[in-house]
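In: Provide a 3D model corresponding to the input given below.
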Amino acid sequence: MVNGVYGGEYREYLYIAAAVMTMSYFTWSYPRWAAKRRAYRKTQRDLDKRRHQQARLNERQRELQQNLEDAGLYQDKVSLWLAESDDQGLQRKRLPS
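Out: Numbering: from 1, shown residues only. Next up is the predicted model:
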């Protein structure tokens, strides 16, 4: 902006110098920027993979917990049934005597 107002006869040269300096800075700093970008993307992929694995693990854990609860209910029913059948068996044994 200052160059546009006060540059006078050197205005074009100053614009060209600014453009060259800008392009040389980006050319010089690109490899470092690209390496950091690759590292960031790799980190993000690893985090996404870890989140996906954690979600699958949590889902499997919920399934196993539900299976254990179902098995516990089934076990309670079987225990109750066996207790009832044992009581009936004892009563049958006592009846004839």
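
In: Report pLDDT for the residue nearest to the spatial centre of the chain.
Out: Nearest to the mean C-alpha position of the chain, counting by CA atoms, centre = their mean, stands Arg51 at 1.7 Å. The model reports Arg51 with a pLDDT of 96.

In: do you know how far it is from Thr43?
Out: Counting by CB to CB, to the nearest Å, the separation of Arg51 from Thr43 is 12 Å. For the C-beta atoms, the positions are set from N, CA and C on the backbone; glycine is no exception.

In: ok now the longest helix belonging to the chain, how far from the chain's centre?
Out: For the chain, the helix that runs over the most residues, judged by DSSP state H, is helix 11-94. Here the centre of helix 11-94 is set off from its chain's centre by 4 Å, with CA atoms, centre = their mean, to the nearest Å.

In: What is that helix packed up against?
Out: Helices and strands touching helix 11-94, as assessed by 3 or more CB pairs under 8 Å, 6 or more residues apart in numbering; DSSP states H and E, comprise helix 2-6.

In: What is the burial count for Lys77?
Out: Lys77 has 10 neighbours, counted by other CB atoms under 10 Å.

In: what does Arg11 give?
Out: For Arg11, using other CB under 10 Å, the count is 13.

In: Same check on the one 10 residues further on?
Out: Met21: 10 surrounding residues under other CB under 10 Å.

In: That one and Ala83, how far apart?
Out: From Met21 across to Ala83, the span is 90 Å (CB to CB).

In: what do you get for Gln66?
Out: 26 Å.

In: Ok, His52 next?
Out: Per CB to CB, His52 is found 46 Å from Ala83.

In: before we move on, what about Leu73?
Out: Using CB to CB, Leu73 is found at 16 Å from Ala83.

In: Noted, bye for now.
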